[in-house]
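Student: let's see this in three dimensions:
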Amino acid sequence: MKNKSLIKKRFSKSLKTYDDNAFIQKQTAEKLISLLPETSYEKVFETGALTGILTKELIKKIKFNSYTYNDIIPEAKFYIDKIIPEAEFFEGDIEEISLSEKFNLIISNASLQWCSDIYKTISKLTEHLNEGGILAFSIFGSKNLKEIKRFFDIDNQYVDIERLKEKYNLINYISEEIKIYFDNPVDIIKHFKLTGVNALKEVSLTKSRLKEFEEEYGKKYSQGDKVYLTYNPVYIILYSK
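Tutor: Numbers count the residues shown, from 1 in each chain. Purely as a prediction, here's the structure:
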């Protein structure tokens, strides 16, 4: 089970620094929008809206009549209100809240990996699609943050694409690897904190552990005068069979 209170706590703390440091989330938002098969949807529902990185991209490219969004962080309303004042907000965990409507597009950027049961969540979301409606989301694959897996206990959840193919019609599936460069290994840890990403969970970094991390990481994952970290975003667009 995911520690939802920890997730909520860390994202709440990072709200003011999130947009300036969530460069991967910005890239995945742009890519996800570019993969949508249509440019107009009557009713849109976004889950995991947070500060509106995906929302901002969506309004540039997509037309809609109504916009509903959700996030576990109540402060999300403050950010989305500035982008789409008339949008309807549902606060809470997407795995627990009830949805009473159906939508033509349900979309999520880099948030469904925080679900305890992602397959159950996908099933729940597709049940709230109108006929012909689509579910589009980005998540992270098995190679995500691969450089730090041996250093820390990372709790990642991946999607088995073959399992999805058994139940849904896939419109698109793309997996890519993106290297992000940092001045030093410590900046990677700072990056996680500034974006609220709890990849390191409750790991206690003692001085000796941090020194070991810096030395080993610098030796194994450097390029020129920088160190790198790999993100493995996966984009999935589907509709129910």
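
Student: quick check: what element follows the helix or strand bottoming out on mean pLDDT in the chain along the chain?
Tutor: Least confident element among the helices and strands of the chain, by mean pLDDT, DSSP states H and E: helix 4-13 (a mean of 76). With elements assigned by DSSP states H and E, the helix or strand that comes after helix 4-13 is helix 15-21.

Student: what residues of that next one count as buried?
Tutor: Residues Leu15, Tyr18, Asp19, Asn21 are the ones in helix 15-21 that count as buried (16 or more other C-beta atoms under 10 Å). Yep, even glycine has a C-beta here, placed from its N, CA and C like the rest.

Student: same question for stretch 61-78.
Tutor: Buried positions in stretch 61-78, judged by neighbour count with 16+ other C-beta under 10 Å: Ile62, Phe64, Ser66, Tyr67, Thr68, Tyr69, Asn70, Asp71, Ile72, Ile73, Ala76, Lys77.

Student: same check on stretch 17-33?
Tutor: Residues of stretch 17-33 classed as buried by neighbour count (16+ other C-beta under 10 Å): 18-19, 21-22, 24-33.

Student: which ones are touching the closest residue in space to Ser111 that isn't next to it in sequence?
Tutor: In this structure, Ser111 finds its nearest non-sequential neighbour in Gly48, 2.6 Å apart by C-beta to C-beta, 6 or more residues apart in numbering. For Gly48, the contacting residues are Asn70, Asp71, Ile94, Ser108, Asn109, Ala110, Ser111, Leu112, Trp114, by C-beta atoms under 8 Å, 6 or more residues apart in numbering.

Student: swap in Ile72?
Tutor: Under the criterion of C-beta under 8 Å, 6+ apart, the neighbours of Ile72 are Lys4, Ile7, Lys8, Phe11, Glu91, Gly92, Asp93, Ile94.

Student: next one: stretch 71-81 to chain centre, how far?
Tutor: Its chain's C-alpha centre lies 15 Å from the corresponding centre of stretch 71-81 when counted by C-alpha atoms, centre = their mean, to the nearest Å.

Student: heads up, I number from 55, so please use that
Tutor: New numbering, starting at 55: the last item is stretch 125-135.

Student: the strands in this structure, which residues?
Tutor: Counting by DSSP state E, the segments of the chain that form strands are 94-101, 117-125, 142-145, 157-163, 183-194, 222-229, 232-236, 276-277, 280-285, 287-294.
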